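*Asks:* quick check, what structure comes out for this input:
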Amino acid sequence: MRTRVTYQIFGDQTSLAADRVSRAHGIAPTKSRESGEPTTTRQTARSSSWSLPTGEPEDDVELSTQLETLLGILESRSNELWELSALGYRARWWCYAGSYAAEHAVEVSRALMGRLLAVPEERMLDFYNDEPKG
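*Replies:* Residues are numbered from 1 along each chain as shown. Here you go, the predicted structure:
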């Protein structure tokens with residue numbers, strides 16, 4: 001199984017800047033973009049975005065391990081994250097799991113689900129058939 005987790009924060013109004021997210025909780029994003037910045041040669045971003053991933057997809061790492069890694073960074077700043085949510089920012093967990101039929105299921109314990117509720121978010125699970133090549 002291959003997994004990766006990203007915690008993302010979005011601001012739909014021009015006053016909800018990605019830079020403000022970093023200033024609010026002191027965590028530098030891996031990637032950010034402000035509303036109105038070019039995304040491609042023909043488009044501009046409709047909202048600001050701030051992203052903190054666990055890195056590239058990793059083999060043989062449980063999804064719960066990836067979630068715990070980012071929670072270890074974010075939990076101590078949950079008050080600041082909730083304040084951003086109250087201002088209109090939206091947050092989500094983007095969870096990638098690449099698996100094939102012979103592998104085991106993704107498991108998230110009740111305790112981990114409780115920890116996830118400590119920070120504002122929507123959950124987005126993205127599953128892929130990741131059959132070995134060859």
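*Asks:* which positions in stretch 42-55 come out as buried?
*Replies:* Residues of stretch 42-55 classed as buried: 47, 48, 49, 50, 51, 52, 53, 54 (neighbour count, 16 or more other Cβ atoms under 10 Å). Bear in mind the C-beta positions are built from the backbone N, C-alpha and C, glycine included.
*Asks:* out of those residues, which is nearest to residue 73?
*Replies:* The shortest approach to residue 73 among the buried residues of stretch 42-55 belongs to residue 52, at 7.1 Å (Cβ to Cβ).
*Asks:* and that closest one, that's in a strand?
*Replies:* Yes - under DSSP: H, G, I helix; E, B strand; the rest coil, residue 52 sits within a strand.
*Asks:* can you count the residues close to residue 17?
*Replies:* When counting by other Cβ atoms under 10 Å, one arrives at 17 neighbours for residue 17.
*Asks:* which pLDDT value goes with the residue nearest to it when sequence neighbours are not counted?
*Replies:* Of all residues not flanking residue 17 in the chain, residue 48 sits nearest, at 5.3 Å (Cβ to Cβ, 6 or more residues apart in numbering). Note on residue 48: pLDDT of 88.
*Asks:* please name the bridge partners of residue 48.
*Replies:* residue 11 (DSSP bridges).
*Asks:* that one: what's it in contact with?
*Replies:* 10, 11, 16, 17, 18, 21, 32, 33, 34, 35 (Cβ atoms under 8 Å, 6 or more residues apart in numbering).
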